[in-house]
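Engineer: Quick one: sequence and predicted model below, then my questions.
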Amino acid sequence: MLRVAPKFFTTAPLRTISPFACRSSLRSIADSAPFNKIRIQRDDDTAFDAYVVGKNNAPGIVVLQEWWGVDFEIKNHAVMISQLGRGFKALIPDLYRGKVGLDVAEAQHLMDGLDWQGAVKDIHASVNWLKANGSKKAGVSGFCMGGALAVASSVLVPEVDAAVAFYGVPSSELADPAQAKAPVQAHFGELDNFVGFSDVTAAKALEEKLKASGVPHEVHIYPGNGHAFMNRSPEGIKRRKSMGMPDEDEAAVQLAWSRFQSWVTHYLTG
């Protein structure tokens, strides 16, 4: 579990809002993207909303949210992923069931309350939905909290064909990366200070676990970059700066997307 400065643990009232009802200042390329809202049912009859963008018969990628929820930034990432190469079908499962954290305290509260095993079941159902709806192969990618879940899915969801994680490692209670069954690519910022979750030590420990698993893997560390360095929308940059993450490195972002594209193209379109 991610542990941060004590001020991040302040409990704040949660605002239940539509994932697409961003405040007026939260404008992004995703605002005009043609997302389709769908309803997915798990094997245990639990149902949840998900949001799909991209080509119908393209390889599928489940895109997993940061601790904020399904907000403007994860939608930006899904749109970007859907447009890479010859195109992918990106699916965002709503792990928070409509709740979105609008500040750090809310986001921490939401993540602390997440049923991680239930989230894995959501991912499993999402992968199965993609494969039942035109995608011959399906991968999982995620950011921060979603990055940890992406790694976990490579261990716990047999139908996953490849995973890409950005700055997140699952707890040992959730999943042991040494038991990964799908290829894993992972990205971390050198200056990330979320100790045990996405700092350099955690990244190197993940690499050792993946070596032990025997699956194809890559672990990339980006010099001079902190946590959430992929968030490049104006609103995302402002939010990162407010959290003490002032670094801006567009070259690192483009390099990471290039590596991401090569990975998912190789394992999902071959």
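Structural biologist: Sure, I can see it.
Engineer: Name the residues of the lengthiest helix in the chain that come out as buried.
Structural biologist: Using DSSP state H, we find that the single longest helix of the chain is helix 250-268. Using 16 or more other CB atoms under 10 Å as the test for burial, helix 250-268 gives 252-253, 256-257, 260-261, 263-265, 267-268. Bear in mind the C-beta positions are built from the backbone N, C-alpha and C, glycine included.
Engineer: chain center to the worst-scoring helix or strand of the chain on mean pLDDT: distance?
Structural biologist: None of the helices or strands of the chain scores lower by mean pLDDT, DSSP states H and E than helix 234-242, at a mean of 91. Put simply, helix 234-242 sits 18 Å off its chain's centre (CA atoms, centre = their mean, to the nearest Å).
Engineer: what do you get for stretch 245-261?
Structural biologist: Computed by CA atoms, centre = their mean, the separation of stretch 245-261 from the middle of its chain amounts to 15 Å.
Engineer: what is the rounded mean pLDDT of it?
Structural biologist: Mean pLDDT, stretch 245-261: 95.
Engineer: One more: stretch 189-200?
Structural biologist: Averaged across stretch 189-200, pLDDT comes to 97.
Engineer: If you count neighbours, what's buried in it?
Structural biologist: Residues 189-192, 194, 197-199 are the ones in stretch 189-200 that count as buried (16+ other CB under 10 Å).
Engineer: Stretch 114-127 too?
Structural biologist: Those would be 116, 119-127, for stretch 114-127 by 16+ other CB under 10 Å.
Engineer: Okay, and which of the residues you listed map to helices?
Structural biologist: 116, 119-127.
Engineer: how far away is the closest residue to Q65 other than its chain neighbours from K209?
Structural biologist: Among residues not flanking Q65 along the chain, I74 sits closest, at 4.6 Å (CB to CB, 6 or more residues apart in numbering). Distance of I74 to K209, given as CB to CB, to the nearest Å: 26 Å.
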